[in-house]
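A.B. asks: sequence first, then the predicted structure, then my questions.
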Amino acid sequence: MESSSDTITSPGRVVLVTGCGGFLGRHLVNRLLSANVSVRGISRTDEFRFPCFRCDVGSDEGWKEAMDGVEAVFHLAGRTPGRSKNPDETLEGFRKINVEGTMRIARIAADCGVRKLVMISSVKAVGELAGTGQCYSTNQSGKPADPYGVSKAEAEEALLSEWGGERESALEVVVVRPPLIYGNGVKGNLRQIKKLVDLGIPVPFGSLTNERDMIGVENLCGFLCHLLAVKGGGGNRFVVSDGQAVSTAKLFETLGKFSGRKRTVFPFPPALVRGLLSAMGMRAIWDRLGGDSRVDMSVTQRLTGWTPEFSFEDGIERWVRGDADENCSG
């Protein structure tokens, strides 16, 4: 992967971001705008301070207008588990948005002369590796464990079969598989964890020594912007992280450190925690919090030349301060 003579701040550069109103989308747009990149967004509900088109991944309408003159597309939009009021959690429901919708966007992008399409996938496209001793790595194949992961894996394969590998194409497709993403505005399990810390409720995870790689949203946005500034890399499925594995206990303790909470965890035998959660039908929570989830991004770094901008502690501090600033302004 070679350095480009262009930089991310090249005059006239236009980038389209699907899912611009989501957690990652908002952070990425802010990062691009701060680098003087002209941004267009795709959203069905929100109003923004940059041009935004109300397109739907289930229809061709409006996409060509949105992509006219666009150099790169960051495809963040998709169906994720349990995030909508009436989610269709069947495999076909995920396929309709994550596979068919992604391919529709890619074909229109190719027709419009877009140079690069970056699809945000997930390590779930590989499957669950907790307890296997394996790390997630670049271009790794696997067995997705749920409909969401299956749909992401199928979308990756469909994209790279048509525009990746040895095939010559004007459209360069890059897949990015992040692990758990944290940062200001995050939802889901991490939001619940931070709420527990903010409430000052200690949890019995002090004896956990598991290792989990995560990525701060600002580091992930930094990597995505880095992809704009280099040539090559098409056809790859890149994994990224902060480059520092931490335990669940460390996550709680670090959140507590910057939130002003001295005691966030207390020691308790992990086997008993696992047993109690399993008996309560909550084994999935243990698997998410108590298991290992490692990322080996050495190939990503070798091929792209990217290194994380912020350490894990820096990322957590920025998250806590960002939430505090948002609460004060709200």
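C.D. replies: Received the coordinates, thanks. Keep in mind it's a predicted model, so treat the numbers as computed, not measured.
A.B. asks: what strand or helix carries residue 78?
C.D. replies: For residue 78, there is no helix or strand it lies in under DSSP states H and E.
A.B. asks: mind listing what it touches?
C.D. replies: By Cβ atoms under 8 Å, 6 or more residues apart in numbering, the residues touching residue 78 are 19, 97, 98, 101, 102, 120, 152. Every residue, glycine included, has its C-beta placed from N, CA and C.
A.B. asks: filter those residues down to just the ones in helices.
C.D. replies: Within the contacts of residue 78, residues falling in helices by DSSP state H are 102, 152.
A.B. asks: let's have the contacts of residue 78 in CSV, adding neighbour count, pLDDT and distance to residue 309.
C.D. replies: As requested, the contacts of residue 78 are arranged in CSV below (neighbours: other Cβ atoms under 10 Å; pLDDT from 0 to 100; distance: Cβ to Cβ, whole Å):
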residue, neighbour count, pLDDT, distance to residue 309
19, 20, 93, 22
97, 19, 94, 31
98, 27, 96, 29
101, 21, 96, 31
102, 26, 97, 28
120, 23, 97, 18
152, 29, 96, 26
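A.B. asks: now the helices for the stretch 51-200 of the chain?
C.D. replies: 63-67, 91-95, 102-111, 147-163, 188-199 (DSSP state H, counting those that start in this stretch).
A.B. asks: adjacent strands (with direction) for the helix or strand just after the last one?
C.D. replies: Okay, so that is helix 188-199. Per DSSP H and E, the first helix or strand lying C-terminal to helix 188-199 is strand 214-216. Strand 214-216 pairs in its sheet with strand 180-182 (parallel), by DSSP bridges.
A.B. asks: how about the partner strand: buried residues?
C.D. replies: 180, 181, 182 (16 or more other Cβ atoms under 10 Å).
A.B. asks: residue contacts, the last one?
C.D. replies: Same thing as residue 182. 190, 214, 215, 216, 217, 315, 316, 319.
A.B. asks: quick one: which of those is nearest to residue 138?
C.D. replies: Taking Cβ to Cβ as the measure, residue 138 sits nearest to residue 215 out of the contacts of residue 182, at 14.4 Å.
A.B. asks: what about the residue nearest to the closest one when sequence neighbours are not counted, neighbour count?
C.D. replies: Of all residues not flanking residue 215 in the chain, residue 241 sits nearest, at 4.9 Å (Cβ to Cβ, 6 or more residues apart in numbering). For residue 241, the neighbour count with other Cβ atoms under 10 Å is 29.
A.B. asks: give me the element residue 308 is part of.
C.D. replies: Counting by DSSP H and E, residue 308 is held by no secondary-structure element, helix or strand.
A.B. asks: ok, now residue 15?
C.D. replies: strand 14-18.
A.B. asks: what's the burial count for the closest residue in space to residue 80 that isn't next to it in sequence?
C.D. replies: Counting by Cβ to Cβ, 6+ apart, residue 80 lies nearest to residue 148, which is 6.5 Å off, once chain neighbours are set aside. Residues lying near residue 148 (other Cβ under 10 Å) number 22.
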